[in-house]
Structures are given as structure tokens and as C-alpha cells.
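> Curious how this folds, go ahead:
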Amino acid sequence: MGSTRKGKVKSRAKSAVEKVKIESMREGAGISAVILDYGEVLCHRPAEEEFERMAKMFGADKQLFPALWNKNRGAYDRGDITAEVYWNTLAEDAGARIDRAQLEQVCKWDIEMWGRPNLEMVEWLRQLRGSRFKTALLSNMHPEMIVYLRENFDWLEVFDFMTFSAEVRLIKPDRAIYEHTLKGLGVMAGETLFVDDREINVSAARKLGIRAVRFQSAAQLRKDLKEIGFPILPL
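Numbering: from 1, shown residues only. Just a heads-up that it's a prediction; the model follows:
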């Protein structure tokens with residue numbers, strides 16, 4: 001019994017030391033909140049074959065299709081146009097037409113290909129919350145995808161605040177959407193870390209004074225965070 005009590009005391013002491021260590025490192029890095037992008041950060045990038053099957057539906061060259069897909073994506077993610085308008089406009093740009101069944105199919109494909117969470121990054125998110133960092137999601141995302149996430153990903157509850165572009169009618173890299181997220185978290189730009197896969201979004205965050213890192217892989221993120229003295233690293 002005495003040995004068991006000593007073990008428990010030792011475990012609690014070790015836990016307390018770890019907490020003090022994390023607090024000390026947090027103060028050293030000067031960061032108290034982390035804002036994460038969704039696409040290609042918290043979820044995996046769609047496979048080339050997924051874009052290719054879309055290209056085939058529209059009769060478009062697979063090399064040219066990404067540009068067609070991206071042309072009006074901002075308006076769609078901001079909530080300015082509906083899914084029907086977005087996909088029919090894409091069809092017109094490709095010199096094609098799609099019927100109702102094809103529209104429903106391509107909408108389904110679009111959600112599926114952005115619906116595979118990066119579990120390594122989700123676990124890092126949980127680590128952040130467990131270490132008392134404030135956390136927020138900041139994503140350019142159309143309404144249908146937002147509904148899908150809320151219905152299927154219970155880990156969204158880990159976030160203290162979430163900003164979806166279609167709900168605030170703003171998209172990155174608009175300065176206002178970052179300010180909206182900072183206000184929602186109740187933090188200053190200088191005490192915030194932002195992780196996004198697009199350089200244009202990272203640059204916009206830095207102009208506001210946010211510490212921003214471009215995400216390319218969990219291994220690369222781990223290296224970059226270690227360099228700035230951030231205490232919680234992706235496994």
C-alpha cells in the first residue's frame with residue numbers, strides 16, 4: 001500500500017512539473033491561442049483521381065480543370081452563390097451542361113473528397129486544448145460542407161470558436177475575417193499562432209501581427225514549431 005501511495009504521489013508530482021514546463025514554454029513563445037485552417041490542414045488533400053473524375057464529368061482536360069474549379073470558388077465559399085450556380089457556371093466555362101442528377105453527384109463528390117480528417121492533426125488539436133491553449137477554426141467553406149462537418153465531426157467541440165466563411169460572408173485573405181476570429185477568441189494578434197496551407201493566407205495573417213506557419217506536412221509543422229519554441233508539437 002505504501003509503495004502504491006508513493007507511486008501516485010510521484011505521478012502527481014511529475015504531472016505538475018510537466019504543466020509548469022508547458023506554461024513556461026508557452027510564455028517563452030508568447031502564444032496563448034492557435035487558429036487552424038481546415039482544408040489540407042485538418043483534412044487530407046483530395047487525391048488526383050477525385051479531381052479527374054470531376055473533370056471527366058464536365059468533359060474538361062484534367063490539367064485545366066483545377067483552374068475551372070477554383071475560378072468561382074471564392075464566391076461559393078463566401079456564400080455569394082449557391083451550389084447550383086457554382087457548378088452550372090463551371091459547366092458553362094468548360095463548354096458543357098449538367099443535369100440535376102449530375103449536379104447532385106458532383107456535390108456529393110465535392111463533400112466526400114474534402115471530408116477525410118487528418119487524424120494526426122486532429123490529435124494535435126486535442127493536445128492543444130488539453131494544454132489550455134485557446135483554439136479556433138478559420139476556414140473558407142461553402143454551406144453544404146459546413147453542414148457536413150457539424151453533423152459528422154464531434155471533434156469540432158474542441159474548438160473555443162469557429163469561423164466559417166459562408167456564415168460571416170468573408171473569405172481569407174480578407175483582413176476582416178482574421179479580426180472576426182481574434183475577437184471571437186478574445187485574444188490579440190501577437191499572442192496567436194495561425195496554421196494554413198496557402199501562402200496568401202499566411203502572409204495576410206502575418207500582416208496583422210499573427211505568428212503564422214504554412215502547413216505542408218505534420219513533420220514540417222513540427223520542425224517549424226520547434227524552431228519558434230512552441231511547446232506542443234504534432235506527434
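> Quick one: the helices in the protein, in order.
Secondary structure of the chain by DSSP state H: the helices cover 2-29, 48-58, 65-71, 73-78, 83-93, 100-113, 119-130, 143-152, 165-168, 175-185, 199-207, 218-227.
> out of the ones you listed, nearest to Ile35?
Counting by Cβ to Cβ, Ile35 lies closest to helix 175-185 out of the helices of the chain; the figure is 5.9 Å. To be clear about C-beta, it is placed using only N, CA and C from the backbone, and glycine gets the same treatment.
> can you tell me the average pLDDT over the closest one?
The pLDDT scores in helix 175-185 average 98.
> Show me the contact partners of that helix.
The contact list for helix 175-185 (Cβ atoms under 8 Å, 6 or more residues apart in numbering) reads 33, 35, 134, 136, 138, 160-161, 163, 165, 168, 170-172, 188-189, 192, 194, 204-205, 207-208, 210.
> again, but for stretch 102-117
Identification of contacts with stretch 102-117 by Cβ under 8 Å, 6+ apart yields 39, 42-44, 46-47, 50-51, 53-54, 57, 83-84, 87-88, 98, 144-145, 148, 152-153, 155.
> if we go to 10 Å?
Outside stretch 102-117, the residues that touch it by Cβ atoms under 10 Å, 6 or more residues apart in numbering are 38-40, 42-47, 49-51, 53-54, 57-58, 69, 76, 83-84, 86-88, 90-91, 96, 98-99, 141-142, 144-145, 147-149, 152-153, 155.
> hmm, back to that, of the helices of the chain, which approaches Leu235 most closely?
Nearest to Leu235, of the helices of the chain and by Cβ to Cβ, is helix 119-130 at 6.6 Å.
> Can you list the buried residues in the closest one?
By 16 or more other Cβ atoms under 10 Å, the buried positions in helix 119-130 come out as Met121, Val122, Trp124, Leu125, Gln127, Leu128, Arg129.
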